[in-house]
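Enquirer: sequence plus the predicted model coming up.
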Amino acid sequence: MKRLVTVSLLFCSGLFVFAQQQKPKLVIGIVVDQMRYDYLDRYWNKFGNDGFKKIINNGFNCKNTHYNYMPTYTGPGHASIYTGTTPENNGIIANDWYDKKNKKMVYCAEDVTVKTIGSESAAGLMSPKNMITTTITDQLKLNTNFKGKVIGISLKDRGAILPAGHKADAAYWFEGGDTGKWISSSYYFNELPKWVNEVNKKNSANTFLNSPWNTLLPIAEYTESIADNNTYEGTFSTEKTPTFPHHLPALRDSNDNYSLIKSTPFGNNITTEMALAALVAENLGEDEITDFLAISYSSPDYIGHQFGPMSVEVEDTYLRLDKDLATLFAFLETKFKKDELLLFITADHGAVDVPQYLIDNHIPAGYFNKLKMTTDLKAFCLTKWKVDLVENISNGNVFLNHEIITKNGFNTSQIEQEIANYLLTFEGVSQTFTATTLKTTIITENIAANIQRGFNQSRSGDVIYVLASGWINAGYKTGTTHGSPYRYDTHVPLLWYGYQIPTGATADKIIIPDIAATIAILLNINAPSACTGKPIKELIK
Ligand SMILES: [Zn+2]
């Protein structure tokens, strides 16, 4: 049989490709929330051989992979990976955005028409309905006549729901507070499967929270980070200093009980436990029809926000995550040959170093006073047009009141331009764009193109402003955030392993939408409906 294949490959390679039926039995997508690319290098010498290193040494490393839009937030990031396009098309323009039609904020995964499954709270009123184009997981469903299983798992609802797509078998997320359970929504089913109840009954979160968070290695070995006690890090509520050991049992009461686990590396442990339980109980990858498990590790994001990229806490989180990945990969190896599995690891955005840390080290950064800008802009409108035209400012979008504009017969594009010019007078604002420009001019290069790819004509605002490099909104006195179009927020890991994946690396620029485009070619299925990515050429030879 082997010789026959070789012969046909030699003489009729085109036919061979079409004749072959083999596809991976299972695709595993792993998103690490807020993982910057440079962490791979920074912590490399401390990683074991069976986690990140195993994938890099035996798979393919796309070293120069970037988000190609603003805002680089969690909801848009997960949506972009799986829809193979950007907010311009998939509609996920932020985590929460201002809904122009209903004049209220809307959450990216909210859906008031469904019910929570597994809890009495509103934490399950969620679905992917706000994501308006298909995902690679939807395409797998369509291609397999809905026989390929698709499951999403993440502490965050949006990290589970958006990747799993519109026709998923399930998405599970973790409810904190006093619940401490994996829950879901009636969008998928009316009761939790038995195996999920069993995972919940085991209540591993409780076990983890009953011990302190100590460093994995002796703390003196955390040489890639700044001193454990520093002024750039946030503490847990009621904690005196942001230092190890973090006494989790004593902190539970003042930090919303089970929610505390989200901001510790043990949030990754329970996510891995849930993923392994799903693999076994749902028989993922057991038959010839490709299944898809989308895992998102949310804890690195919570920890990154609180402590910042230079903290011992973040370093410890990645050393521990490396062990989680090793556990997951070891399990997969017992069930699948390398070419029966297609696996990728990426992140939903990066993060900026704590701006005060940058400022103290003479690196451009700052804290933007959005409150002052809002007050001043409203005053500017009153002076200029005798009426407050500003309806909402969120995610760098200024939403104008179009009823007032129409009623007064104002010229919309002229108002947009005057406001855009005015916003440029604020320290910390580096660029502004009007909706009129973004709707009428195709921008192909630079940060401006990222703004356009993050701009959804029916959902976005009337004037978009971009903060300068290193700047974030004031209010974060400690810790950091993300959301910008700059490299620290756009550059993320992209690692591939398994089915038809060669060993190697590229420094060619890859954009996040290329992920779904590549999976579509590898699985021989249609790309997502609005996919704007291109297959990564090294992976589809
Ligand atoms: Zn995120």
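Expert: Nice, I can see it.
Enquirer: identify the residue of the chain closest to the ion, quick one.
Expert: For the chain and the ion, the shortest gap (CB to the ion) falls at T74, measuring 3.0 Å. C-beta: built from backbone N, CA, C; applies to glycine.
Enquirer: which residues are in contact with that residue?
Expert: Going by CB atoms under 8 Å, 6 or more residues apart in numbering, T74 touches D33, N95, K156, R158, G159, D301, D348, H349.
Enquirer: ok, 6 Å please
Expert: Neighbouring residues of T74 by CB atoms under 6 Å, 6 or more residues apart in numbering: N95, D348.
Enquirer: give the buried residues for the one helix or strand A517 maps to.
Expert: Using DSSP states H and E, A517 sits in helix 513-523. Buried residues in helix 513-523, counted by 16 or more other CB atoms under 10 Å: P513, D514, I515, A516, A517, T518, I519, A520, L522, L523.
Enquirer: K378 against E391, yeah?
Expert: No: counting by CB atoms under 6 Å, K378 does not reach E391; the two are 10.6 Å apart.
Enquirer: looking at the two, which is more packed in?
Expert: Just comparing K378 and E391: by other CB atoms under 10 Å the higher neighbour count belongs to E391, 17 against 14.
Enquirer: can you pull the pLDDT of that one?
Expert: For E391, the pLDDT comes out at 98.
Enquirer: please, which helix or strand holds it?
Expert: Element membership for E391, per DSSP H and E: strand 390-394.
Enquirer: what strands line up against that strand, and which way round?
Expert: Its sheet considered, strand 390-394 pairs with strand 397-400 (antiparallel) by DSSP bridges.
Enquirer: after the partner strand, next one along is what?
Expert: As assigned by DSSP H and E, the chain's next helix or strand after strand 397-400 is helix 402-407.
Enquirer: list the buried ones in that following helix?
Expert: Residues of helix 402-407 classed as buried: I405 (neighbour count, 16+ other CB under 10 Å).
Enquirer: repeat for stretch 133-149
Expert: Buried, per 16+ other CB under 10 Å, within stretch 133-149: 133-141, 143-144, 148-149.
Enquirer: and what of stretch 256-268?
Expert: Residues of stretch 256-268 classed as buried: N257, Y258, S259, L260, I261, K262, S263, T264, P265, F266, G267, N268 (neighbour count, 16+ other CB under 10 Å).
Enquirer: run through the residues of this protein sitting next to the ion.
Expert: D33, T74, D301, D348 (CB under 5 Å from the ion).
Enquirer: okay if I get the buried residues of stretch 256-268 as TSV plus distance to G409 and pLDDT?
Expert: Formatted as TSV, the buried residues of stretch 256-268 follow (distance: CB to CB, whole Å; pLDDT from 0 to 100):
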residue	distance to G409	pLDDT
N257	56	98
Y258	55	98
S259	51	98
L260	55	98
I261	56	98
K262	51	98
S263	52	98
T264	57	98
P265	58	98
F266	60	98
G267	54	98
N268	57	98
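Enquirer: going by distance to L371, which of those wins?
Expert: Nearest to L371 among the buried residues of stretch 256-268, counting by CB to CB, is S263 at 26.5 Å.
Enquirer: what's near enough to touch that closest one?
Expert: By CB under 6 Å, 6+ apart, the residues touching S263 are Y302, I303, Q306.
Enquirer: doesn't the last one lie inside a strand?
Expert: The reference is to Q306. No: read with DSSP: H, G, I helix; E, B strand; the rest coil, Q306 is helix and lies in no strand.
Enquirer: and it, how many residues sit next to it?
Expert: 19.
Enquirer: the strands in the stretch 201-350 of the chain, which residues?
Expert: 291-297, 341-347 (DSSP state E, counting those that start in this stretch).
Enquirer: let me have the ones you listed in CSV, extended by mean pLDDT and mean neighbour count.
Expert: Converted to CSV, those look like this (pLDDT from 0 to 100; neighbours: other CB atoms under 10 Å):
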stretch, mean pLDDT, mean neighbour count
strand 291-297, 98, 27
strand 341-347, 98, 25
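Enquirer: let me have those in CSV, extended by distance to K100.
Expert: What follows is the strands of the stretch 201-350 of the chain, written out as CSV (distance: least, CB to CB, whole Å):
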stretch, distance to K100
strand 291-297, 29
strand 341-347, 30
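Enquirer: so which of those strands gets nearest Q457?
Expert: Nearest of these (CB to CB): strand 341-347, 27.4 Å.
Enquirer: burial of I363, as a residue count?
Expert: I363 has 12 neighbours, counted by other CB under 10 Å.
Enquirer: so it, which of the three states?
Expert: Of the three states, I363 takes coil according to three-state DSSP.
Enquirer: what about the closest residue to it other than its chain neighbours, distance to D353?
Expert: The shortest distance from I363 to any non-neighbouring residue, by CB to CB, 6 or more residues apart in numbering, is to G470 (6.5 Å). G470 sits 8 Å away from D353, going by CB to CB, to the nearest Å.
Enquirer: give me the most central residue, this protein.
Expert: Centroid-nearest residue in the chain: D348, 2.7 Å away (criterion: CA atoms, centre = their mean).
Enquirer: contacts only, for that residue.
Expert: If you count contacts by CB under 6 Å, 6+ apart, D348 has them with V31, D33, T74, G77, H78.
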